[in-house]
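*Asks:* quick one, fold the following:
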Amino acid sequence: MANSKSAEKAARKAAKQRNRNMALRSRVRSGMRKVVAAIGTGDKTAATAAYREAMPAVDALAGKGKIHRNKAARHKSRLAARIKNLK
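*Replies:* Below is the predicted model:
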């Protein structure tokens with residue numbers, strides 16, 4: 001437990017930020033799940049629409065440093081390649 005006023009405030013701030021980070025990460029994962037589901041159905045237009053909806057969230061997380069920029073690029077690249085290979 002925190003032993004000083006400043007440590008208590010830091011703990012409160014860390015808890016708030018952790019909740020915010022979890023919400024942002026969850027939003028990104030949900031968006032990517034929707035893209036993968038659309039790819040699974042074989043519908044290229046739905047997959048492309050889901051991809052366009054999900055990728056700004058991935059870029060935002062990478063821009064804020066919540067995930068590494070290479071990880072964001074890897075996810076975007078792999079999903080785009082899977083969509084491109086749909087018939």
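*Asks:* who touches stretch 71-83?
*Replies:* Contact partners of stretch 71-83, identified using C-beta atoms under 8 Å, 6 or more residues apart in numbering, comprise 32, 35-36, 39, 44, 47-48, 51, 55, 58-59, 61-62. Quick note: C-beta positions are derived from backbone N, CA and C, even for glycine.
*Asks:* show me which positions of the helix or strand hosting Arg82 end up buried.
*Replies:* Per DSSP states H and E, Arg82 falls inside helix 69-84. The neighbour-count criterion (16 or more other C-beta atoms under 10 Å) identifies 72, 75-76, 79, 83 as the buried residues of helix 69-84.
*Asks:* reformat those as TSV; add pLDDT and distance to Met1.
*Replies:* As requested, these are arranged in TSV below (pLDDT from 0 to 100; distance: C-beta to C-beta, whole Å):
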residue	pLDDT	distance to Met1
Ala72	97	36
His75	97	38
Lys76	97	42
Leu79	97	43
Ile83	97	49
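*Asks:* distance to Ser6 for those - can I get that in CSV?
*Replies:* Formatted as CSV, these follow (distance: C-beta to C-beta, whole Å):
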residue, distance to Ser6
Ala72, 34
His75, 38
Lys76, 40
Leu79, 43
Ile83, 49
